[in-house]
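In: What shape does this take:
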Amino acid sequence: MSKKVLIIGGRGRIGSSVAKDLANFTDAEIIITGRDTSAANKPLPAPSVEYLALNLADNNAVKKAIQGCKVVVHCAGPFQYRDTNVLQNCIDEGVNYVDVSDSRGFTTRALELKNAAKDAGITAIINTGIFPGISNSMVRAGVEKLDQAEQIHLSYVVGSSGGAGLTVMRTTFLGLQNPFDVLIDGKWKQVKPYTGRESIEFPAPYGNTGVYWFDMPEAFTLPNSFPQAKTVITKFGTSPDLYNHLTWFVANLWPQSWVKNPAVVEFLSHVSYNMTKLTDTMVGTGVAVRSEIKGIKDGKPATYCSTVVHESAAVATGIGTGSIVELILNGKLQKPGVWPQEQALSTDLFEPLMASRQMQMQEQWL
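Out: As a prediction, this is how the structure comes out:
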């Protein structure tokens, strides 16, 4: 049986991290793609990895590249700009699919293909990585610790650039463009991005860090996955805190016509990326995720909290996605349809995968 894995967008920081994880933990034949026809001569993520020049706009070329693969991994963000063509091609060709999508709109469109994927017998897992991804599975593990989960509070902090490159900068500024719906006390409420600052105590080296409302797919997939929870909060922040204040300024004081202008987004992304080249050396490029679940345990109010820290946000994303692909390759994760991670990955599979990659979860009852 084929163990060929195609990583679309595999030349980027995230795609390369996925390729490295797969090279370390599987014997898959790994092919990464990029738009640059000359990139084949550049260093590859691992000796066993091959390169294929591929233009996503060329549907025939995409379909041809997918044929014969066991899994296709879509890492070509920002996903705010992407359609579901890669997923549709995987359904047509009977090939399993995994992505690192982090866009509400893309996630909604992907989930609409659930029945088509089920009929084709393919497993499609979306929103994998660190957040979303590992964060979703942390929530599932926490919900399962309680008899009844009433509130989910997910917080994330990234050090400087996170080591994830220019695409993540674009994703951040695209996420500031529109208000979004969140579930609060059983009712859907619209909030503005980068408002509602909270100070959250993260593990070292971050400590007390400010986080803000940020539109993530978890904000609506988690209420669907765990309907007993009446409040789901997703908040994001950066270190150093200066970046939080600058992002708040753009989100709340700049005219919306500027924030939604593609040229402005591109300008801000490049400026921010250049700034982080300095702060990366000062604060690192790590990530921390904190999941807090409030509810009832043994008839009493209880709060379960879990955290994870990694020195590189890009590597952590590769770990989260690579581990999902490993399970599909080994036949341990077979669930035809399109699923966010928390609906597809059981805790008894998730926890050993994280341990195998030294992603140490810290947990406590508050």
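
In: And the contacts of the helix or strand where residue 220 lies?
Out: Per DSSP states H and E: residue 220 is located in helix 218-225. Residues from elsewhere that reach helix 218-225 (CB atoms under 8 Å, 6 or more residues apart in numbering): 104, 107, 127, 131-132, 135-136, 139-140, 152, 154, 180-183, 229, 232, 234, 340, 342-343. Bear in mind the C-beta positions are built from the backbone N, C-alpha and C, glycine included.

In: From these, which land in helices?
Out: 104, 107, 135-136, 139-140, 342-343 (DSSP state H).

In: tell me the contacts of residue 252?
Out: 192, 194-195.

In: For these, which ChimeraX command selects only the ones that are buried?
Out: Selection of buried members from these for ChimeraX, criterion 16 or more other CB atoms under 10 Å:
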select :194
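
In: Sketch out the low-pLDDT regions of this structure for me.
Out: Applying pLDDT under 70 to the chain flags the ranges 1, 38-41.

In: Mind jotting down where the helices sit in it?
Out: Going by DSSP H, the chain shows helices at 13-25, 59-66, 85-93, 104-111, 114-120, 135-145, 166-174, 218-225, 241-253, 256-259, 262-283, 313-329, 341-344, 347-356.

In: What are the buried residues along the fourth one?
Out: Translated: helix 104-111. 104, 106-107, 109-111.

In: Burial check on residue 33, number of neighbours?
Out: Neighbour count of residue 33, defined by other CB atoms under 10 Å: 26.

In: before we move on, what about residue 119?
Out: Other residues close to residue 119 by other CB under 10 Å number 11.

In: Please apply the same query to residue 298.
Out: Residue 298: 7 neighbours (other CB under 10 Å).

In: If we ignore the residues flanking it in sequence, what's nearest it?
Out: In this structure, residue 298 finds its nearest non-sequential neighbour in residue 147, 7.0 Å apart by CB to CB, 6 or more residues apart in numbering.

In: gap between residue 154 and residue 302?
Out: 18 Å (CB to CB, to the nearest Å).

In: Who are the contact partners of the spatially most central residue of the chain?
Out: Closest residue to the average C-alpha location of the chain: residue 132 at 3.5 Å, with CA atoms, centre = their mean. If a contact means CB under 8 Å, 6+ apart, then residue 132 has 101-102, 216-218, 221, 340-341 as its contacts.

In: Just name the closest of the residues you listed to residue 263, please.
Out: Minimum distance to residue 263 across the contacts of residue 132 is 22.6 Å, recorded for residue 102 (CB to CB).

In: With residue 306 as the reference, measure out to that closest one.
Out: 21 Å.

In: more neighbours, these two?
Out: Each of residue 102 and residue 306 has its neighbours counted (other CB under 10 Å); residue 102 has more, 27 against 19.

In: from memory the more buried one sits against residue 79, does it?
Out: Yes: taking CB atoms under 8 Å as the definition, residue 102 is a contact partner of residue 79 at 6.1 Å.

In: What is the nearest of the contacts of residue 132 to residue 331?
Out: After measuring the contacts of residue 132 against residue 331 - CB to CB - the closest member comes out as residue 341, at 18.2 Å.

In: Could you pull up the contacting residues of the residue nearest to that closest one when sequence neighbours are not counted?
Out: Distance criterion CB to CB, 6+ apart; nearest residue to residue 341, sequence neighbours excluded, is residue 136 at 4.5 Å. Applying CB under 8 Å, 6+ apart, we find residue 136 in contact with 127, 218, 221-222, 340-342.

In: mind checking the backbone torsions on the nearest residue to residue 16 once chain neighbours are set aside?
Out: Among residues not flanking residue 16 along the chain, residue 45 sits closest, at 4.4 Å (CB to CB, 6+ apart). Torsion angles at residue 45 (phi, psi; degrees, to the nearest 10) stand at phi -60, psi -30.

In: what's residue 45 in contact with, if anything?
Out: Here residue 45 is in contact with 10, 16-17, 19-20, 23, 32 (CB under 8 Å, 6+ apart).

In: Same check on residue 62?
Out: Here residue 62 is in contact with 8, 54, 56, 85-86, 89 (criterion: CB under 8 Å, 6+ apart).

In: one more time with 6 Å
Out: residue 89 (CB atoms under 6 Å, 6 or more residues apart in numbering).

In: And for residue 335?
Out: 123, 344.

In: rerun that using 10 Å as the cut-off
Out: 117-118, 122-125, 328, 343-346 (CB atoms under 10 Å, 6 or more residues apart in numbering).

In: circling back to that earlier point, which of the contacts of helix 218-225 are buried?
Out: 104, 107, 127, 131-132, 135-136, 139-140, 152, 154, 180, 182-183, 229, 232, 234, 340, 342-343.

In: and residue 225, how many residues sit next to it?
Out: Around residue 225 there are 20 residues (other CB under 10 Å).

In: I meant to write residue 254 there.
Out: 15.

In: Now do the helix holding residue 220 against helix 104-111, angle only.
Out: 40 degrees (axes from the mean of the first three to the mean of the last three CA atoms, to 10 degrees).

In: re the thing from before, filter the contacts of residue 132 down to the buried ones and hand me the PyMOL line.
Out: This is how PyMOL selects the buried members of the contacts of residue 132, with burial counted by 16+ other CB under 10 Å:
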select buried, resi 101+102+216+217+218+221+340+341
